[in-house]
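Asks: Predicted model, plus sequence, below.
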Amino acid sequence: MGTPNECSRLSLFKKAARVTLGLALVLGVGFLWAASAQAQTQTSGAILLGADCCQTPPDVGNPGETINIGVSIQSTSQIGGVFVNATVEGTTHIILGCNGDTTSDVCTSTELAALTFVSCTPAVAGVSCVQDGGNPNHVLITYPVGGTSVTTALGGTLLATITATFTAGQEVHSPADGEFFLLADTGDGNLQTPSASGSAGGSAPLFFPGFCGDGVVDAGEQCDDGNTNNTDACRNNCTLPLCGDGILDAGEACDDGNTNNTDACRNNCTIPRCGDGILDAGEQCDDGNTVDTDQCRNNCTIPPPPLFCGDGIVQPERGEQCDDGNTNNNDACRNDCTRPPEVIPTLSEWAQLILALIMTAGAGWHLRRRRTSRTD
């Protein structure tokens, strides 16, 4: 056990330690409260670009189409954790076309000419809104001295409405859906609250895709010559000419554009004819081959019975010896397509023939002898 003095010093040390710890806790809580309050104090805002069309496919822009774009600013500023209105000053820059959505007073990607400025109408007294003389793709909204108040309410304060048209020939081909962006920025320090200064920015997508007929071959197009000639090497629907598209091209005898193969134009764009394998009016048959000895003649007629005899075509494989195609039964070809039988002389006929030959020979010999006697 320690001495009384030692116990007294220990007691004082413990009291000092408790006081020091308590002070540290008080200071710590005060520091955390101050940091929290400071974290909830800021000056910021969002620029809302509300277009009346073309922000969600299939609602997309078309060449020459008019679009109205409302420019609003909503304050997201806080003082001590409480949302407060702000004042916008200076000039807010609006970019009408950029292929990136990074909010800035300049397009950090590729600037586009997809929109053509028409006009800008201020919505608040003292605010001016004009096209940038140095860049026709930019719009400048300038505020009066002392600035213009913008609310924390949802949707913000409408400052101006820009009217523009989609520019023919400036369709966005990459990405394929035609997406590009509107950009807006107040510039640093141009958004004010009693506690600090800040800025506001915003972006919004628009869609202006390429289309068939704009002269650029896009996904899904076989060709795109950009003209309205529907009989050249590219159809107006951006497909290549083919048999069956209903347009008569070189090398086609016809083209009715349907799938009926028994009408006046075949599906291969030829005129119906005997021998094309399709039975047409006036044809007895049509087997589509060039064999003239089968059951369908090359003139699309069926050979007459029996066994095709009498059609003028000799068919040995069918037992025909001849076929003269007539009805004379006394000529060299019978009406049953056989030849007349050969006549074989009888013995009597042979004897008569031999006797005639002998008599003819004897008469000749006698005549020659007489001529010889006269000469002597």
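Replies: That came in fine, so what should we check first?

Asks: Can you tell me how far residue 289 is from residue 312?
Replies: When distance is defined by Cβ to Cβ, to the nearest Å, residue 289 is 20 Å away from residue 312. All C-beta spots, glycine's among them, are computed from the backbone N, C-alpha and C.

Asks: now do residue 54
Replies: Separation of residue 54 from residue 312 (Cβ to Cβ) stands at 77 Å.

Asks: for residue 225, same thing?
Replies: The span separating residue 225 from residue 312 equals 57 Å under the rule Cβ to Cβ.

Asks: shouldn't residue 198 be in contact with residue 41?
Replies: No - assessed by Cβ atoms under 8 Å, residue 198 is found out of contact with residue 41, at 10.9 Å.

Asks: Compare these two and say which is more crowded by neighbours.
Replies: Comparing residue 198 with residue 41 by other Cβ atoms under 10 Å, the one with more neighbours is residue 198, at 19 against 16.

Asks: Could you pull up phi and psi at the more buried one?
Replies: The phi/psi pair for residue 198 (degrees, to the nearest 10) reads phi -160, psi -150.

Asks: Neighbours of residue 367, how many?
Replies: Residues near residue 367, counting by other Cβ under 10 Å, number 10.

Asks: Residue 54 and residue 312: which is more packed in?
Replies: The neighbour count for residue 54 versus residue 312, taken as other Cβ under 10 Å, is higher for residue 54 (18 against 10).

Asks: you'd agree the more buried one is in a helix?
Replies: No - inclusion of residue 54 in a helix is not indicated when DSSP: H, G, I helix; E, B strand; the rest coil is applied; the result is coil.

Asks: Who are the contact partners of it?
Replies: If a contact means Cβ atoms under 8 Å, 6 or more residues apart in numbering, then residue 54 has 60-61, 65, 67, 166, 206-208 as its contacts.

Asks: where's it relative to residue 299, distance?
Replies: Look at residue 54 and residue 299: by Cβ to Cβ, they are 66 Å apart.

Asks: Please save the CA atoms from stretch 154-168 in PDB.
Replies: The C-alpha trace of stretch 154-168 is given here as PDB (Å, rounded to 0.1, in the frame of the first residue of the first chain):
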ATOM      1  CA  LEU A 154     -38.900  19.900 -59.400                       C
ATOM      2  CA  GLY A 155     -38.400  20.900 -63.000                       C
ATOM      3  CA  GLY A 156     -36.600  24.100 -62.000                       C
ATOM      4  CA  THR A 157     -37.100  27.500 -63.600                       C
ATOM      5  CA  LEU A 158     -37.700  27.700 -67.300                       C
ATOM      6  CA  LEU A 159     -35.300  30.300 -68.700                       C
ATOM      7  CA  ALA A 160     -35.700  30.000 -72.500                       C
ATOM      8  CA  THR A 161     -37.000  27.800 -75.300                       C
ATOM      9  CA  ILE A 162     -34.800  27.000 -78.300                       C
ATOM     10  CA  THR A 163     -36.400  26.200 -81.700                       C
ATOM     11  CA  ALA A 164     -34.400  24.200 -84.200                       C
ATOM     12  CA  THR A 165     -34.800  21.800 -87.100                       C
ATOM     13  CA  PHE A 166     -33.100  18.600 -87.900                       C
ATOM     14  CA  THR A 167     -30.500  19.200 -90.700                       C
ATOM     15  CA  ALA A 168     -30.900  17.100 -93.800                       C
END
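
Asks: quick one: buried residues of that stretch?
Replies: Of the residues in stretch 154-168, 156-162, 164-167 count as buried by neighbour count, 16 or more other Cβ atoms under 10 Å.

Asks: Which members of those residues are the farthest-apart pair?
Replies: The distance between the two most remote of those (Cβ to Cβ) is 29.8 Å, for 157 and 167.

Asks: if we can go back for a sec, can you select the buried ones from the contacts of residue 54 in ChimeraX?
Replies: In ChimeraX, a selection of the buried entries from these looks like this (16+ other Cβ under 10 Å):
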select :60,61,67,166,206,207,208
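
Asks: Between the contacts of residue 54, which sits nearest residue 276?
Replies: Ranked by distance to residue 276 (Cβ to Cβ), the contacts of residue 54 are led by residue 60 at 47.6 Å.

Asks: tally of neighbours for the nearest residue to residue 279 once chain neighbours are set aside?
Replies: Beyond its immediate neighbours in the sequence, the residue positioned closest to residue 279 (Cβ to Cβ, 6 or more residues apart in numbering) is residue 286, lying 5.0 Å away. By the measure other Cβ under 10 Å, the count of residues near residue 286 is 18.

Asks: now residue 148
Replies: A count of nearby residues for residue 148, using other Cβ under 10 Å, gives 20.

Asks: Residue ranges in the stretch 251-376 of the chain under the pLDDT threshold?
Replies: Counting by pLDDT under 70, the stretch 251-376 of the chain has low-confidence residues at 305-307, 364-366, 370-376.

Asks: what's near enough to touch the residue nearest to residue 279?
Replies: By Cβ under 8 Å, 6+ apart, the contact list for residue 286 reads 274-280, 296, 300.

Asks: what do you get if the cut-off is 7 Å, keeping everything else the same?
Replies: For residue 286, the set of contacting residues under the criterion of Cβ atoms under 7 Å, 6 or more residues apart in numbering consists of 274-279, 296, 300.

Asks: Mind giving me the ChimeraX command for buried ones among those?
Replies: Here is the ChimeraX command that selects the buried residues among the contacts of residue 286 (16+ other Cβ under 10 Å):
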select :274,276,279,296,300
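
Asks: Kindly export the host helix or strand of residue 206 (C-alpha atoms) in PDB.
Replies: If you go by DSSP states H and E, residue 206 is part of strand 197-207. In PDB, the C-alpha atoms belonging to strand 197-207 read as follows (Å, rounded to 0.1, in the frame of the first residue of the first chain):
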ATOM      1  CA  SER A 197     -20.700  30.000 -55.700                       C
ATOM      2  CA  GLY A 198     -20.800  27.000 -58.000                       C
ATOM      3  CA  SER A 199     -22.100  25.800 -61.400                       C
ATOM      4  CA  ALA A 200     -24.800  23.900 -63.100                       C
ATOM      5  CA  GLY A 201     -24.700  21.600 -66.100                       C
ATOM      6  CA  GLY A 202     -26.800  19.100 -68.000                       C
ATOM      7  CA  SER A 203     -27.100  16.900 -71.100                       C
ATOM      8  CA  ALA A 204     -30.000  15.300 -72.900                       C
ATOM      9  CA  PRO A 205     -30.000  12.700 -75.700                       C
ATOM     10  CA  LEU A 206     -31.700  13.100 -79.100                       C
ATOM     11  CA  PHE A 207     -32.000  10.600 -81.900                       C
END
